[in-house]
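Participant: Have a look; sequence and predicted model below, questions after that.
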Amino acid sequence: MNLNTSTVQSLRRVFQQAFVVYDIAEPLISFDDTCQAKELRAHMESKRFEVVGIRHEGRVVGYAELRDLKDSVTDAIKRFDDSQVILESMPLADLILKLRNHQRLFVSILGQVGGIVSRTDLQKPPVRMWLFGIVTLIEMRFTRMIERHCLDESWKEYLSAGRIKKSEELLAERIRRNQDLGLLDCLQFSDKVQVIARNEKLRNLTRFESRRKVEEAAKVIEKLRNNLAHSQDIIVNDWEAIVALAERLDIVLEGPPGLDNEGEP
């Protein structure tokens, strides 16, 4: 995969514009500030709402959390802080970074708060597809790095005979199915990681200073990929990895300068 300028621009559009807050946010259910706290609390408990919007004269002016609803609704109202309100057009990477410091955020729609998004919403299909795409791109970059710098399948010296045999068996099966692939394409993600980690020249194209660091980072990525593939809870199990990918999205898309876009994954 040659990440030329056109390709990078296309990837940027996909990962920064294809999925936004609007795709995963939920409507913020709201109630008038004149309603009874006891009735509102009972309704929230029945619907398993932790927070609802509060309206004053028809406009949502704040929110109330279930735990704060006691004597009156007006006593429980919390005004929206600017740091809590985001636009529905915010890209997913920016949303994830905002959710580092907030359990939930409120979504402004046409100039008024009308939606809510929380870390739980990151379990939804659009986010899972987005993350899986990033992980796939990282693996493609690994493949390209190995292909470019390990000519004539010299990468084989970094893998055991057993791992090479597994790849050869997979290649034979794919050839039988008329798939046009090479042996490198049949390596598992963990195999490619071993090549990157053990080849000093390749490792120097990443941000990692040692073989151990490469392997540790790759385990985190592979764990996220497996949890995505098997519909596991990625917020409980992979939150730090998700934040790290969001932080480094530009590097995943472009690579560091001066390396012809073949560097740091």
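Facilitator: Yep, it's here.
Participant: alpha carbons only for contacts and neighbour counts from here, please
Facilitator: Noted.
Participant: Can you pull out the low-pLDDT segments for the stretch 1-150 of the chain?
Facilitator: Along the stretch 1-150 of the chain, segments meeting pLDDT under 70 span 1-8.
Participant: now the residue nearest the centre of the chain: how far from residue 238?
Facilitator: In the chain, the residue lying closest to the centroid (Cα atoms, centre = their mean) is residue 131, at 4.0 Å. Using Cα to Cα, to the nearest Å, one gets 11 Å for the distance from residue 131 to residue 238.
Participant: what's the answer for residue 112, then?
Facilitator: 33 Å.
Participant: out of these two, which sits in the busier spot?
Facilitator: Between residue 112 and residue 238, counted using other Cα atoms under 10 Å, the more crowded position is residue 238 (18 against 14).
Participant: How is the more buried one assigned, secondary-structure-wise?
Facilitator: Going by DSSP: H, G, I helix; E, B strand; the rest coil, the secondary structure assigned to residue 238 is helix.
Participant: Find the nearest non-adjacent residue to it, please.
Facilitator: Distances taken as Cα to Cα, 6 or more residues apart in numbering put residue 224 closest to residue 238, at 6.0 Å, once the chain neighbours are dropped.
Participant: Counting neighbours, what do you get for the one you found?
Facilitator: Neighbours around residue 224, by other Cα under 10 Å: 24.
Participant: just checking, it touches residue 233?
Facilitator: No. Applying Cα atoms under 8 Å, one finds residue 224 not in contact with residue 233, separated by 9.7 Å.
Participant: any shared contact partners between the two?
Facilitator: With contacts defined as Cα atoms under 8 Å, 6 or more residues apart in numbering, no residue is adjacent to both residue 224 and residue 233.
Participant: How far off centre is stretch 207-222?
Facilitator: Centroid separation for stretch 207-222 versus its chain: 18 Å, with Cα atoms, centre = their mean, to the nearest Å.
Participant: Just the C-alphas of it, formatted as PDB.
Facilitator: What follows is stretch 207-222, C-alpha atoms only, in PDB (Å, rounded to 0.1, in the frame of the first residue of the first chain):
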ATOM      1  CA  ARG A 207       8.400   5.300  17.600                       C
ATOM      2  CA  PHE A 208       9.500   2.300  19.700                       C
ATOM      3  CA  GLU A 209      13.000   2.100  21.000                       C
ATOM      4  CA  SER A 210      13.100  -1.700  21.700                       C
ATOM      5  CA  ARG A 211      11.800  -5.000  20.600                       C
ATOM      6  CA  ARG A 212       9.800  -5.300  23.900                       C
ATOM      7  CA  LYS A 213       8.100  -2.000  23.300                       C
ATOM      8  CA  VAL A 214       7.000  -3.000  19.800                       C
ATOM      9  CA  GLU A 215       5.600  -6.300  21.100                       C
ATOM     10  CA  GLU A 216       3.800  -4.700  24.000                       C
ATOM     11  CA  ALA A 217       2.100  -2.100  21.700                       C
ATOM     12  CA  ALA A 218       1.200  -4.700  19.200                       C
ATOM     13  CA  LYS A 219      -0.500  -6.900  21.900                       C
ATOM     14  CA  VAL A 220      -2.700  -4.000  22.800                       C
ATOM     15  CA  ILE A 221      -3.700  -3.500  19.200                       C
ATOM     16  CA  GLU A 222      -4.300  -7.200  18.600                       C
END
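Participant: coming back round to it: state the helix or strand in which the residue nearest to the centre of the chain lies.
Facilitator: Assessed by DSSP states H and E, residue 131 sits inside helix 125-149.
Participant: next helix or strand past that helix?
Facilitator: helix 161-176.
Participant: what's next to that next one, contact-wise?
Facilitator: Contacts of helix 161-176 (Cα under 8 Å, 6+ apart): 156, 180-183, 186-188, 191.
Participant: May I have it exported as CSV, CA atoms only?
Facilitator: Output in CSV follows, covering the C-alpha atoms of helix 161-176 (Å, rounded to 0.1, in the frame of the first residue of the first chain):
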residue,chain,number,x,y,z
ALA,A,161,10.0,-22.6,10.7
GLY,A,162,6.6,-23.5,12.2
ARG,A,163,5.2,-20.0,11.6
ILE,A,164,6.5,-20.0,8.0
LYS,A,165,4.9,-23.3,7.4
LYS,A,166,1.6,-22.1,8.6
SER,A,167,1.8,-19.2,6.2
GLU,A,168,2.7,-21.5,3.3
GLU,A,169,-0.3,-23.7,4.0
LEU,A,170,-2.6,-20.7,4.1
LEU,A,171,-1.1,-19.4,0.8
ALA,A,172,-1.6,-22.8,-0.8
GLU,A,173,-5.3,-22.7,0.2
ARG,A,174,-5.8,-19.2,-1.1
ILE,A,175,-4.1,-20.1,-4.4
ARG,A,176,-6.5,-23.0,-4.6
